[in-house]
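Undergrad: sequence unknown, structure follows:
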DNA sequence: GATGAATGAGAATTCATTCAT
DNA sequence: TATGAATGAATTCTCATTCAT
């Protein structure tokens, strides 16, 4: 997020002391954006939902766009760097000596995080899918931050002999595809209020072993 | 799609002879909706892009909403039932005696189909993600059509001893999660102009075998 | 007016066939802008005054700014080139053998023109004074068109021995200062409905006895 | 300026002790009004430019309109009466025995004054041109104060045989037209940072040779 | 069937002004 | 005295939709 405006909005959103009304504006905005999407939510609705005049919204956030960013940026800016740090920590930690343990820990941790921030997660995904500008800002940022570290982790585990003998790139691609599908389907398509332990275990088994019957080794 | 309006629009969209202008309207609408999203595309833009007056659009489609459905419905109404049929056919076909072959055939076939209809695919996904009403209409429809047949297919292959010994439900969930992630990431997030054979093979290997090193059988 | 947008608006304003409502919009805009100034006139007022919905105004003119230009540009684009042509014609004409005759003819002609377009004249002057952007567009344009030709004319008359022996630049500056003051004071400050012959003659005498070569005593 | 509100604002603006913040408010207001015009300057801008809260502005000045008057009135109320006094003094003074000397002295003095108060001059002219209400207040006031005294002065000089044999009214009209054009063009249209001696002399020569009695050939 | 002028409801945004602290 | 949060009316502008031709 090299963009200066982004930085300005972010620091303001995080550091600035918020009045009660501002709190309510952000809360209402989060709820409405998550539910109906940014484009289908009017500032009048937000104002009404938060018991505030429209003027107040613009006094504090300038434009509807900046309001969206004020909601999104703290989330994404926490999501990714945090992930990066945790990835490394988990790899090294004693509790995650195997890749499977690492994966379990990662999924559980992110499920918890997204569960807590379900609505913002929905907004982010919806707008990345819908607003080209946002996609163009956020996607490169995400791609620049996560994959490199993830790849290192994967290489580490592969060297330990735990992973299939494929380039880390390829492993990463499929893993991210599955995890992306997992989070989006659970937290956006089906508004699943809690992802069960069992479901997580099933996912882990799928990632680790695939669908092939282990007894049936006749590779084609 | 129990909805009568849907049916009416659908039959009209499919059966009715289209004038040249109507063709252009639909083409332009598809392109613009795919690019900018339904909410961010005005009828004025569509009119301009298709070299037609705004009046004409409404003469033919009544409302902007119906225009969207005229674009989407033929696609989804073809996509899902067709898939169902093919699924069965493929399972039974001689060329797809193994699950892996079945999977390969399925993915290739759908990649081809979505590649050809990339823009409508993008519209459908975007609006399912964005418009709750559409999600509520299409998702149940899709869930009612695909999973049951898919489950049958999976059970068939499991009985043949090719698949891991888990309930078809669980297998299905993870498989769909991955395939959903695959198509959305390739055709929507990254506007990939052609998905390579290699990429497909990698995906198949991932689904079939997972990430675990086959040499390392130390199950935890 | 090198600006492309200006050209586009100008040609559209001149060539495009106007509906009755458009006529009324322009008429009302002219009257209100002249009376209250552009900044102090709302599009709602214009809509009301012209018996049209606000939407219609924007359908035709896009923005309030473009409406202003649609009103102003035909006037200025006619005013200056026309002036240039006339200036030369008058100098050469037999009826204007002396500078005084030339001056009289010029003033009368422009008085007539501005009298007919009094309101637009007021708008132009007001906005040049008030809107920096417009001043920056229009002033250089005016300065590039009028002075050079004017200077030639002055030099011609000076060579004929009719004018004081000063650089044409200096003569021009003072002449324009006076004429500018004349038109602005009569048509803007005091909303004078008709400038009398007598007043014009007084002005001419004022100017002449300043510019006339004292050696040249041949009073007409 | 018969208006009581005007008087109240004026006396307050002149007599009341100003806090530092008030000083800054007025300074910023002057600068912004001069640059962008009253209508195009928001109180928020003024607040920001002067490092003061918006509340403070309204605490002190009540309305934006009154702030404008607080800026303008001290200027005009000083400008005109002062001019009147000076006019008489100059006529009688020994240094200004001729009309030309009087004119030179007058122009130089006013050029100096306006140079020092360039911004307020710009505000006054802009708003007189733009705001009908202000024009209706100030113009009659100016017309009631200046012309009568000016006329007396002109009559005095005419009786001395220095001026052309025309009614003082007519002389005045053309003189004011030229001087008005002079000040407005130099200090508003072209933001001339200093009007040169030479330019002033040229203007005087222009005026003199129009007004000077041709029988009176005693050039200074 | 096609046009395009016209609409009016609503969208985002601005702004002078008020008021509790 | 000074603040700045809050307001609501007004402003520019958008847009799906209607309708006479």
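TA: Looks like it arrived, so ask away. Computed from a predicted model, the values in this text were never measured in an experiment.

Undergrad: pretty sure residue A:192 contacts residue A:186?
TA: Yes. Residue A:192 lies in contact with residue A:186 (CB atoms under 8 Å); the separation is 4.8 Å. Heads up, the C-betas are built off the backbone N, CA and C, glycines and all.

Undergrad: taking chain A, what residue is nearest to chain B?
TA: At 2.7 Å from chain B, residue A:181 is the closest residue in chain A, using CB to the nearest CB.

Undergrad: so that residue: helix, strand or coil?
TA: helix (DSSP: H, G, I helix; E, B strand; the rest coil).

Undergrad: okay, it: pLDDT?
TA: Per-residue pLDDT puts residue A:181 at 97.

Undergrad: now swap in residue A:217 and tell me
TA: Per-residue confidence (pLDDT) for residue A:217: 55.

Undergrad: my read is that residue A:171 contacts residue B:212, right?
TA: No. If you go by CB under 8 Å, residue A:171 and residue B:212 don't touch, sitting 11.1 Å apart.

Undergrad: how about the residues of chain A near DNA strand E?
TA: A:41-44, A:54-55, A:57-59, A:62-65 (CB under 7 Å from any atom of the strand).

Undergrad: by neighbour count, which of these wins?
TA: The most crowded member of the residues of chain A next to DNA strand E, judged by other CB atoms under 10 Å in any protein chain shown, is residue A:57 (23 neighbours).

Undergrad: what's the helix or strand for it?
TA: Taking DSSP states H and E as the definition, residue A:57 sits inside helix A:54-61.

Undergrad: that older thread, now the common contact residues for residue A:171 and residue B:212.
TA: Residues touching both residue A:171 and residue B:212 by CB atoms under 8 Å, 6 or more residues apart in numbering or on different chains: A:163-164.

Undergrad: let me know the pLDDT of residue A:1.
TA: At residue A:1, the model reports a pLDDT of 46.

Undergrad: mind listing the helices for chain A?
TA: A:4-15, A:20-36, A:43-49, A:54-61, A:64-92, A:99-116, A:118-130, A:132-159, A:168-184, A:197-209 (DSSP state H).

Undergrad: remind me what the longest one packs against, helices and strands.
TA: This means helix A:64-92. helix A:4-15, helix A:20-36, helix A:43-49, helix A:54-61, helix A:99-116, helix A:118-130, helix A:132-159 (3 or more CB pairs under 8 Å, 6 or more residues apart in numbering or on different chains; DSSP states H and E).

Undergrad: same thing with the third one?
TA: Identification of packing neighbours for helix A:43-49 by 3+ CB pairs under 8 Å, 6+ apart yields helix A:20-36, helix A:54-61, helix A:64-92.

Undergrad: would you mind finding the most buried of the helices of chain A?
TA: The highest mean neighbour count among the helices of chain A, using mean count of other CB atoms under 10 Å in any protein chain shown, belongs to helix A:118-130: a mean of 21.

Undergrad: does the helix-or-strand element of chain A with minimal mean pLDDT reach DNA strand F?
TA: Across the helices and strands of chain A, mean confidence by mean pLDDT, DSSP states H and E is lowest for helix A:64-92: a mean of 84. No. Using CB under 7 Å from any atom of the strand, helix A:64-92 stays clear of DNA strand F, with a minimum separation of 12.7 Å.

Undergrad: distance between that helix and the chain's centre?
TA: Taking CA atoms, centre = their mean, to the nearest Å, the mean C-alpha location of helix A:64-92 is offset from the chain mean by 7 Å.

Undergrad: do the same with stretch A:194-201
TA: So, by CA atoms, centre = their mean, the centroid of stretch A:194-201 is 18 Å from its chain's centroid.

Undergrad: quick one: contacts of it?
TA: A:104, A:107-108, A:111, A:115, A:186, B:173.

Undergrad: ditto for stretch A:77-86
TA: Identification of contacts with stretch A:77-86 by CB under 8 Å, 6+ apart yields A:1, A:10, A:106, A:109-110, A:113, A:141-142, A:145-146, A:149.

Undergrad: same list, those, but as a markdown table with distance to chain D please.
TA: Formatted as a markdown table, the contacts of stretch A:77-86 follow (distance: CB to the nearest CB, whole Å):
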| residue | distance to chain D |
| --- | --- |
| A:1 | 27 |
| A:10 | 23 |
| A:106 | 48 |
| A:109 | 45 |
| A:110 | 43 |
| A:113 | 39 |
| A:141 | 32 |
| A:142 | 36 |
| A:145 | 36 |
| A:146 | 40 |
| A:149 | 43 |
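
Undergrad: which one of those is nearest to residue D:164?
TA: Closest approach between those and residue D:164, by CB to CB: residue A:10, at 74.4 Å.

Undergrad: what sits against that closest one?
TA: Residue A:10 neighbours (CB under 8 Å, 6+ apart): A:1, A:69, A:73-74, A:77.

Undergrad: from those, pick the one nearest chain C.
TA: Using CB to the nearest CB, the contacts of residue A:10 come closest to chain C at residue A:69, 26.5 Å.
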